[in-house]
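*Asks:* quick one, structure for this:
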Amino acid sequence: MYKIPFLTLLLLSGIFSINAQNEPVKIEGKAQGTTYHITYFDKKNRNLQAEIDELLLKFDLSVSTYNPNSIISKINTNQPYVKVDKYFITCFKKAKEVWKNTNGAFDPTVYPLVNAWGFGPGKKQKIEKVKIDSILAFVGFDLIELKGKKIIKKDPRVALDFNAFAQGYSVDVVAEFLNSKGITSYIVEIGGEVFARGKKPNGENWKIGIEKPIDNKTSDNPLKAVAKLENLAIATSGNYRRFIVEDGVKYAHHLDPKTGYPTKNNLLSASVFSKECISSDANATGILVMGLEKAQEFLKKHTELQAYLIYSDEKGNYRVYETPGIKDLITEVEEE
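*Replies:* The predicted model follows:
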């Protein structure tokens, strides 16, 4: 998997205490082609990095298309006798749910298109309408189903890509692990997707920064807003990290499953809040594909999701759409 963070972790303030057991444990590392940062407060002061790294490695062996030995890679190459595991099953079921809810805007069978456009591990192909149309013939989540622990395809060319939301799910997996250890105050960030439980011992909320959607493939952008989190997940999808430019035209990596081409709308980034990061991550992708107007209607129906959407107006200025449930969570960063 590969994702450059859209969110900035803010952990520098309010973490000191005169009680030694309230000093945070901080661990960081690499997983799924990106980085992770985890901070937690543990009365036993345990360093759980080795166990977390092992957990993330097992997760990678299930749903990473960048690992040729993963379960999803074996399914995509139609290897026989492949049985899926709990991670794959959770991803598949969540993908089916979000695919239905977004009317197909989110669709993990876009994987052949992702490769054709050069956004996946496969070699980029020359983009022509006839090529795209031929691929669209086997794109559609109705062409694949899960029966027990086996995947059934209606067309052997169908291939899955969980990268748009698997990192969000890996955050949930680590959070569940920390819960099992009796840890009740933590923040987990993997590739920019985040879940925070509880508050810091001094009563402060965990905080995360939401970047301005400035085209930038390599480094952090200035912040547009700061969100405070408590028992809440946030994931952001944007069109300013992964893109290609051909003949002076920018093509973002979010592909419309109905057309086969990168989305073209004025929605620049979508930050989605929910109780689980897998839902935030998958729906953020679907919302970005929908565009602003359809996203607003979608969010009115799905009040279990809250969102902070950044879009551009006719003059190219940043504008924001917020759902009512996050107004107390977001603080805008003043312009310098």
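
*Asks:* do you know the pLDDT at the residue positioned nearest the centre of the chain?
*Replies:* Centroid-nearest residue in the chain, with CA atoms, centre = their mean: Asp281, separated by 3.6 Å. For Asp281, the pLDDT comes out at 96.

*Asks:* so it lies in a helix, does it not?
*Replies:* Yes: counting by DSSP: H, G, I helix; E, B strand; the rest coil, Asp281 falls inside a helix.

*Asks:* excluding covalently adjacent residues, which one is nearest to it?
*Replies:* Gly168 (2.7 Å; CB to CB, 6 or more residues apart in numbering). Backbone N, C-alpha and C define where each C-beta goes, glycine included.

*Asks:* got it, and Ser280?
*Replies:* Counting by CB to CB, 6+ apart, Ala235 is the residue found nearest to Ser280 once chain neighbours are left out, at 3.8 Å.

*Asks:* doesn't Thr285 lie inside a helix?
*Replies:* Yes: secondary structure of Thr285 (three-state DSSP): part of a helix.

*Asks:* for Leu146, see how far away it is.
*Replies:* Separation of Thr285 from Leu146 (CB to CB, to the nearest Å) stands at 20 Å.

*Asks:* and the two? which has more neighbours close in?
*Replies:* Taking neighbours as other CB atoms under 10 Å, Thr285 and Leu146 compare with Thr285 leading, 25 against 14.

*Asks:* need the contact list for the more buried one.
*Replies:* Counting by CB atoms under 8 Å, 6 or more residues apart in numbering, Thr285 touches Phe106, Ala164, Phe165, Ser237, His254.

*Asks:* how far away is it from His302?
*Replies:* The gap separating Thr285 from His302 is 14 Å, by CB to CB.

*Asks:* go on, Val63?
*Replies:* Distance from Val63 to His302, by CB to CB: 24 Å.

*Asks:* who has more neighbours, these two?
*Replies:* Between Val63 and His302, counted using other CB under 10 Å, the more crowded position is Val63 (29 against 19).

*Asks:* ok, Leu61 touching Asn69?
*Replies:* Yes: shown here, Leu61 and Asn69 form a contact pair, counting by CB atoms under 8 Å, at 6.8 Å.
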